[in-house]
Each structure stands twice: as structure tokens, then as C-alpha cells.
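*Asks:* Structure, please.
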Amino acid sequence: MTDPIFSLIIFSIIIIVLGIIFWPGKGLLTRLRQAREDKMRILLEDCLKFLHDCEYREKSCKRNDIASTFSISADDAEALLKRLVSAGLVKSSGQRIQLTESGKSHALQIVRIHRLLEKYLAEETSLAEAEWHQAAEEREHSVTAMEADELAARLGNPVYDPHGDPIPTANGEIPESRGVPLPTIKTGITVKVLHIEDEPPDIYSAIVSQGIQPGLLMVLRGKAEKTIRVEINGEEKLLPAHLAENITVLPLEQAEITPVPFRPLSSLKPSEAGRVISISKVCRGQQRRRLMDLGVVPGSVIRAEMKSVGGDPTAYLIRGALIALRKQQSDYIFIEESHRR
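*Replies:* From the prediction side, this is the model:
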């Protein structure tokens, strides 16, 4: 004969397990269904963002491009497009894929959130530069329009993200695309860097490691089949062609070029001094604020006092205080008018 207490225990366990699986709104099945829906929503939003980028840069986009971009099969890409068409977000005619007004509005909202997040990560956190894009990708789908507006206000309503991309306004306004790829520029022309493509991450990291940032002026000195030679702050650098293709620049008229002779603070020898012109845009967030708190601001005079036994760090006299800076930090500080004590 079955023990009634044992039967009650078994029955209770079954009820608990069924509750865990089927409980309305909180059960395992509901959570799995929600997870699938969230995954599909994120994929749809990413596709809208991709289509907008193609249209903004005046690039054609085909079904195969969607499949390769999101690492999905051609059939899955077709099913994805059908969902977007059914939702009234995309128009498809033959090979032509185009956002509707509603689709463009939705895409611009995601783009706005993504670029605001990148700006926040660059200015307010110590996250490595190569990680900004992926971190923003992971967060952008959970930020509401209201939260994006609050973030924009906190950041001072920035116009561009750290990579030089324009940030759409809350009303979906965005300036027209401008600039051309660096390899298309003629030798001898001075250009201003407008944008650096942040994907793939290894290419982006290789570009910024050369000290290239949006806003930088450089001169194209020569082109070969696989390399491009540029002059940056009086120093020539050799860029592989596949890196240069990811840099968008604006050719400048001679009247727009106002060169100022300067060099990095790290070039000072003991007893030499220089006046601060600026801090490199590569130096951001907490590190930039720390330098400014130490008195490293335009107009300040800094004198090199002594180097350590190993040559790094160097002690500098800044506003009456002796501060030790490593070469990596002093490379970010640009000075002029060197003087000897």
C-alpha cells in the first residue's frame, strides 16, 4: 500500500515543477518565449539600422548583404525581410530594398541611442576605446526614447559620437553624409578626418593606435598599391590600404588650414618648457579630467624637471607642483614655444 505522505510529497513536487514551467507570465515557457521574441526584435532593429547605414552612405543593399552581415542563411534573411515588409518598415521591389518613412524613423531612433551610448562610454567611463561599439550594441535595445533624451541632456546634447558619426536629434534629423575615403584623395592635399569606421574592431584599433581621430588634420604624401603615406603633426606614417579605406576625410582649401607648430610634451628635455596648446582627443574621460585637474589646460606653461632612472616617468613642474607623468600620458599633451630655464 502506498504511503499517503509519500504520495502527497510526489504530488506537491509535480505541482511545483508544472508551476515553474507553465506559471502565467513568470513560468519557464513564458520566459523562453519572451527570450525568442527579444532575440527576433533585436535582429529586426539591427537590420533596420544596417539598411539605414546603407542608404545614408548611398550603398546598394541586397538580400545576400543582410545574410552575410548577420551570419544567417539566405532563407532566414528572406524571412526577416518579409517580417519588416509586413510591419510596414521596409519596401522591397525585386533586388531593391528600401526603408519606409516609418522604418527610417525607427532606425534613426536606434542609431541615436547607439551613438549616445558610445559618447557616454567615451566620456564618462574608463572602458577601452575598442570596446565602446560592442558595449553600445549590447545596451541599445533596452534604452527607451525618454532615457535617450535624458542621456543626451546629461552629455550636453552632443552632435557627433566619438567616431565622428552624427547623432540624430530626438526628431530624427541628421545631416547629410559628407567626406570621401582617404585613398581617393590626391597626393599633397590636406584633409580633416571626419569619421573612422568602428567595425571590425581590430581594424578600428589599428587606426586609432596611429593617433588618428576625428578632427585630425593630415596631409597625404604618397600612395602605393598597398600603402598610403600621410603626414600627421610633422611626422610621416605609413598606413596599410585596408586601414585607409575605413577613414573618411574632407579635403580642405588652403584658406581653411591654420597650421600651428607644436610637439608632444614628452619631447621636452630637462630644463625645457612649453606652453600647452591642447590635449589630444585620444585622451578621454577620467584620464583627460585628471590631467586638467592637475593644471594641464591651454595656456599653462609646463617645464620638464627630471627623468627617472629608467627614463619613464618624467617629473614636470605644473603650476608650482611637481607631477610625474608617464610618456604615454605626456604624448597626449601638445605644446609650443619651447624655452630653456
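
*Asks:* Output the helix or strand encompassing Q134 as CSV - backbone C-alpha positions only.
*Replies:* For Q134, the host element (DSSP states H and E) is helix 132-139. The C-alpha coordinates for helix 132-139 follow below in CSV (Å, rounded to 0.1, in the frame of the first residue of the first chain):
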residue,chain,number,x,y,z
TRP,A,132,32.7,51.1,-27.0
HIS,A,133,30.9,49.8,-30.0
GLN,A,134,30.2,46.4,-28.7
ALA,A,135,29.1,47.7,-25.3
ALA,A,136,26.7,50.1,-27.0
GLU,A,137,25.4,47.3,-29.3
GLU,A,138,24.5,45.2,-26.2
ARG,A,139,22.6,48.1,-24.4
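
*Asks:* Quick one: name whatever helix or strand follows it.
*Replies:* Beyond helix 132-139 toward the C-terminal end (DSSP H and E), the next one is helix 145-154.

*Asks:* need the helices for the stretch 1-150 of the chain, in chain order.
*Replies:* 4-22, 28-56, 63-69, 74-86, 101-124, 132-139, 145-154 (DSSP state H, counting those that start in this stretch).

*Asks:* With respect to burial, which of the ones you listed scores highest?
*Replies:* Among those, judged by mean count of other CB atoms under 10 Å, the one packed with the most neighbours on average is helix 101-124 (a mean of 21). Yep, even glycine has a C-beta here, placed from its N, CA and C like the rest.

*Asks:* Which strands or helices does that helix pack on?
*Replies:* On a contact count with 3 or more CB pairs under 8 Å, 6 or more residues apart in numbering; DSSP states H and E, helix 101-124 meets helix 28-56, helix 132-139, helix 145-154, helix 285-293.

*Asks:* Including mean pLDDT, could those go into a markdown table?
*Replies:* What follows is the helices and strands packed on helix 101-124, written out as a markdown table (pLDDT from 0 to 100):
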| stretch | mean pLDDT |
| --- | --- |
| helix 28-56 | 80 |
| helix 132-139 | 89 |
| helix 145-154 | 92 |
| helix 285-293 | 79 |
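
*Asks:* Just put those helices in JSON lines and tack on distance to E101.
*Replies:* Below are those laid out as JSON lines (distance: least, CB to CB, whole Å):
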{"stretch": "helix 28-56", "distance to E101": "12"}
{"stretch": "helix 132-139", "distance to E101": "25"}
{"stretch": "helix 145-154", "distance to E101": "17"}
{"stretch": "helix 285-293", "distance to E101": "37"}
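
*Asks:* right, and those - which one's nearest L217?
*Replies:* L217 sits nearest to helix 285-293 of all the helices and strands packed on helix 101-124, at 20.3 Å, using CB to CB.

*Asks:* In the stretch 151-300 of the chain, where is pLDDT below threshold?
*Replies:* Scanning the stretch 151-300 of the chain for pLDDT under 70 picks out the ranges 254-262, 281-282.
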